[in-house]
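[1] Predicted structure and sequence below. I'll ask about it afterward.
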Amino acid sequence: MKLLLTGFTPFPGVDVNPSQLIVEAIAAVRRSDVLAAVLPVAYGPAEAQIRRLLHDCAPGAVICLGVATQRHEINLERFALNINDATIADNDSVVADGRPIVHDGAMAYTSTLPLAAMRAALQARDIPVRISNHAGAYLCNHVFYVVRHLLTEAGRSAPSGFIHVPPIADHDGAPGLPLSVMVEAIEVCVDCALETAGKGAL
Ligand code: PCA
């Protein structure tokens, strides 16, 4: 069984996106059970790419990653909302202003990743982690919503969801974790998701 792991490219205000580096680092050592992709930070192209990946690869589990610049911990996201609404433009200069992602779609989807087990596994390694109830309303929420919507519509039970990571630690006091810690954290989450998928429990 394969897990689809995605990250994002840089975007305005983020010159190096740790989610891209984490995906590349894990892909280099887990060729047998991880399919990796880096998505563009643009609503239409990111959606097209994730649709293609879900269709062509039929992964047994999906974890999408992105950076949240103000957060200090690994944030396991609980809800995807049916809204694009951000003051910053995407990389194609599109500014989304309160538009639904899917017309007449569900207002929200919940993550089907094993969030409590992931949190416990990270806490056991002393990695800062929390479950978050809001993934924002920009590209990360968009991809999270599209993944959950497509899998739900297709009746596919693959555990799927979104994790926000903080920036790479820079100086004391600023939000951030060392890249090596974030790679370790996401590998642990990958293992938890694959274990859940293997049980076919959802
Ligand atoms: N973070 C942004 C989009 C891409 C990324 O890595 C977000 O939180 O929506």
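    Thanks, I have it.
[2] contacts and neighbour counts: CA atoms only from here.
    Noted.
[3] isn't Leu35 right up against Leu4?
    Yes - with contacts counted by CA atoms under 8 Å, Leu35 reaches Leu4, the gap being 4.7 Å.
[4] So for the two, which sits in the more crowded spot?
    Comparing Leu35 with Leu4 by other CA atoms under 10 Å, the one with more neighbours is Leu4, at 22 against 19.
[5] Roughly how far does the more buried one sit from the ligand?
    16 Å (CA to the nearest ligand atom, to the nearest Å).
[6] Name the single longest helix found in this structure.
    helix 179-199 (DSSP state H).
[7] That one: which residues count as buried?
    Within helix 179-199, the residues that qualify as buried are 179, 181-190, 192-194, 196-197, counting by 16 or more other CA atoms under 10 Å.
[8] which residues are in contact with stretch 153-163?
    Defining contact as CA atoms under 8 Å, 6 or more residues apart in numbering, one finds that stretch 153-163 is touched by 59-66, 74-78, 110-114, 140, 144, 147-148, 151, 193, 196-197, 200, 202.
[9] Buried ones among these?
    Neighbour counting with 16+ other CA under 10 Å marks 59-66, 74-78, 110-114, 140, 144, 147-148, 151, 193, 196-197 as buried within the contacts of stretch 153-163.
[10] Out of the residues you listed, which are close to the ligand?
    Contacts with the ligand within the buried ones among the contacts of stretch 153-163, as defined by CA under 6 Å from any ligand atom: Gly66, Cys140.
[11] Now, the buried ones among the contacts of stretch 153-163 that are in helices?
    Using DSSP H, these in helices are Cys140, Phe144, Val147, Arg148, Leu151, Ala193, Thr196, Ala197.
[12] do you know how far Pro178 is from Ala42?
    27 Å (CA to CA, to the nearest Å).
[13] out of the two, which sits in the more crowded spot?
    Neighbours per residue (other CA under 10 Å) separate Pro178 from Ala42, with Ala42 holding more: 21 against 13.
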